[in-house]
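**Q** Sequence and predicted structure, then a few things I'm wondering about:
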Amino acid sequence: MNVFIMTDLEGVSNIDSMEMIDPKGKDFPYCQQLMMEDLNAAVEGAKRGGAEKIYTVEGHFDAFAPEKADPRVTIVTMKEWEDVIRSGEIDVYMEVGAHAKAGTMHGFLDHTMSSLQWYKYSINGQQMSEVEINALFVGAFGIPVVMVSGDAAVCRDVQATLGEVAVAPVKKATSRNRAICLPREEALRRICDAAEAGMHIKKAPFIRPYPLEIKLELCRSDYCEATMERVGDAARRTDARTVERTIHKITSYDELIFLR
């Protein structure tokens, strides 16, 4: 079985404040180390569960320290990851460092794609998180989500939406920008155990019936204008802050998130 692991930073264990993830801040090198340790714990668990090839991608820019990655994982770029998913080579999908969707009460650093620009994203009337958007994309190519690590809110939500998923909650928000984290060894053990357990989950991929009616509500009208300039007549603007599009078949991740 081959595995793809998506990573993000906000849900990485022992990151407990918004200030920590500032790329210009003094704590950011430590955050990079934490990221790689969480990833490596997932790699170890997946290997224990029988994984053959493991691929990963950095889903939060500048958060990787590639030299600290487990040598058993292949790192691909954001330009390459879609091709790996489409290749038919991947059997299961995991996420490390995930966070809850925008507007989630008790979600640590909750947002969807852009905390600055995106207010609410929904498909067929259901509000979606980044994990669920990713699940829909990989699901279009027959790949189920079997493991997620992050804060307690995202772990709760993905199990409610995606069904059977092995989760590793490593912290709990005390406010949007603060969290209480598990001790380091316990967090890494949870991630490793969840990844191993995920390898034994047999489930269908996450699929929603076509056509997909995608609605993105932005925080300001100029963000809406910029989105329409980027996608042109592939989308429609329905009010000052809202763009919508209809997809009859998922072929590109960028289409789902209005990058083209």
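**A** Looks like it came in fine.
**Q** distance of His200 from Glu67?
**A** 31 Å (Cβ to Cβ, to the nearest Å). C-beta here means a position set from N, CA and C on the backbone, and glycine is covered the same way.
**Q** which of those two has more neighbours?
**A** His200 (12 against 6; other Cβ atoms under 10 Å).
**Q** In CSV, could you pull the C-alpha coordinates for the longest strand anywhere in the chain?
**A** Longest strand of the chain, by residue count under DSSP state E: strand 166-175. Listed next in CSV are the C-alpha coordinates belonging to strand 166-175 (Å, rounded to 0.1, in the frame of the first residue of the first chain):
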residue,chain,number,x,y,z
ALA,A,166,-8.0,7.5,12.7
VAL,A,167,-7.4,10.8,14.5
ALA,A,168,-4.6,12.2,16.7
PRO,A,169,-5.8,15.2,18.6
VAL,A,170,-2.6,16.8,19.9
LYS,A,171,-4.0,20.1,21.4
LYS,A,172,-7.1,21.9,22.4
ALA,A,173,-7.8,25.6,21.8
THR,A,174,-8.4,27.9,24.7
SER,A,175,-9.2,30.7,22.3
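**Q** So which elements touch it?
**A** In terms of contacts (3 or more Cβ pairs under 8 Å, 6 or more residues apart in numbering; DSSP states H and E), strand 166-175 is packed against strand 145-151, helix 152-162, strand 178-181, helix 184-198.
**Q** so the first one versus strand 166-175, what angle?
**A** Computed by axes from the mean of the first three to the mean of the last three Cα atoms, to 10 degrees, the angle separating strand 145-151 from strand 166-175 equals 30 degrees.
**Q** Note down every partner strand of strand 145-151 and its orientation.
**A** In the sheet, strand 145-151 lines up against strand 92-98 (parallel), strand 166-175 (parallel) (DSSP bridges).
**Q** would JSON lines of those with mean pLDDT, distance to Gly142 and mean neighbour count be doable?
**A** Converted to JSON lines, these look like this (pLDDT from 0 to 100; distance: least, Cβ to Cβ, whole Å; neighbours: other Cβ atoms under 10 Å):
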{"stretch": "strand 92-98", "mean pLDDT": "98", "distance to Gly142": "10", "mean neighbour count": "28"}
{"stretch": "strand 166-175", "mean pLDDT": "98", "distance to Gly142": "19", "mean neighbour count": "21"}
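**Q** Could you dump the ones you listed into a markdown table with distance to Glu185 added?
**A** Below are those laid out as a markdown table (distance: least, Cβ to Cβ, whole Å):
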| stretch | distance to Glu185 |
| --- | --- |
| strand 92-98 | 17 |
| strand 166-175 | 11 |
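**Q** And the ones you listed: which comes nearest Cys219?
**A** strand 166-175 (20.3 Å; Cβ to Cβ).
**Q** ok, and what's touching that closest one?
**A** Around strand 166-175, the neighbours that count as contacts under Cβ atoms under 8 Å, 6 or more residues apart in numbering are 11-16, 38, 106-108, 146-153, 155-156, 158-159, 179-182, 187, 190-191, 193-195, 197-198, 201.
**Q** Of all the strands paired with strand 145-151, which one is nearest Val243?
**A** Closest to Val243 of the strands paired with strand 145-151 is strand 92-98 (Cβ to Cβ; 25.0 Å).
**Q** And the helices in this protein?
**A** Using DSSP state H, the helices assigned to the chain run over residues 28-48, 78-86, 130-139, 152-162, 184-198, 221-231, 253-256.
**Q** With only the CA atoms kept, save the third one in CSV.
**A** Included here for helix 130-139 are C-alpha records, laid out as CSV according to Å, rounded to 0.1, in the frame of the first residue of the first chain:
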residue,chain,number,x,y,z
GLU,A,130,-9.3,22.3,3.9
VAL,A,131,-9.2,18.7,5.0
GLU,A,132,-12.6,18.1,3.4
ILE,A,133,-11.6,19.9,0.2
ASN,A,134,-8.5,17.8,0.0
ALA,A,135,-10.6,14.7,0.7
LEU,A,136,-12.9,15.5,-2.1
PHE,A,137,-10.0,16.0,-4.5
VAL,A,138,-8.3,12.7,-3.7
GLY,A,139,-11.6,11.0,-3.5
